[in-house]
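Trainee: below are the sequence and a predicted model; questions follow.
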Amino acid sequence: QVQLVESGGGLVQAGGSLRLSCTASGSIVSINTMAWYRQAPGKQRELVAIITRSGSTDYADSVKGRFTISRDNAKKTEELQMNSLKPEDTAVYYCNVVARTREWSAAEFEFWGQGTQVTVSS
């Protein structure tokens, strides 16, 4: 139904920057929220940043002031600009979208990308 393709992960030194991108495609009527989650080894998946359709944003305390989430509604894309990266930011980052997929229904569904690895070396 809906496919999310992520890109932009990789290896970077502490203090460096990376930009993650996610493109949604498929049977999408409209997208509500777009978000990034991450999961480090041995830890639960956690919300990193979220952006509403109108552009309101929220961030995990650990990334406030360093990460910026943005979206392009027309292109169905979202990005996560990550600056001043720290070793503790190392994780698999997942794109997340809540979207309507049926014209005749207000029901929304949650979709996940395959994940992209971000590794920050000290």
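Mentor: Received it, and whenever you're ready, just let me know what you need. Residues are numbered from 1 along each chain as shown.
Trainee: tell me where the protein has strands.
Mentor: Shown for the chain, the strands assigned by DSSP state E span residues 2-7, 10-13, 18-26, 30-39, 46-51, 57-59, 67-72, 77-82, 91-100, 108-112, 116-121.
Trainee: would you format those strands as TSV with mean pLDDT and mean neighbour count included?
Mentor: For glycine as for every other residue, the C-beta is placed from the backbone atoms N, C-alpha and C. As requested, the strands of the chain are exported to TSV (pLDDT from 0 to 100; neighbours: other Cβ atoms under 10 Å):
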stretch	mean pLDDT	mean neighbour count
strand 2-7	95	17
strand 10-13	98	13
strand 18-26	97	18
strand 30-39	97	20
strand 46-51	98	18
strand 57-59	98	15
strand 67-72	98	18
strand 77-82	98	22
strand 91-100	98	21
strand 108-112	97	15
strand 116-121	98	17
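Trainee: could I have the CA atoms of stretch 12-20 written out in CSV?
Mentor: The C-alpha coordinates for stretch 12-20 follow below in CSV (Å, rounded to 0.1, in the frame of the first residue of the first chain):
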residue,chain,number,x,y,z
VAL,A,12,30.4,10.1,10.8
GLN,A,13,32.8,11.4,13.5
ALA,A,14,31.4,13.0,16.6
GLY,A,15,30.6,16.7,16.0
GLY,A,16,29.7,16.0,12.4
SER,A,17,26.4,16.2,10.5
LEU,A,18,24.2,13.9,8.5
ARG,A,19,20.9,14.4,6.7
LEU,A,20,18.3,11.6,6.5
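Trainee: and the contacts of that stretch?
Mentor: With Cβ atoms under 8 Å, 6 or more residues apart in numbering as the test, stretch 12-20 has contacts from 6-10, 36, 79-87, 93, 95, 116, 118-122.
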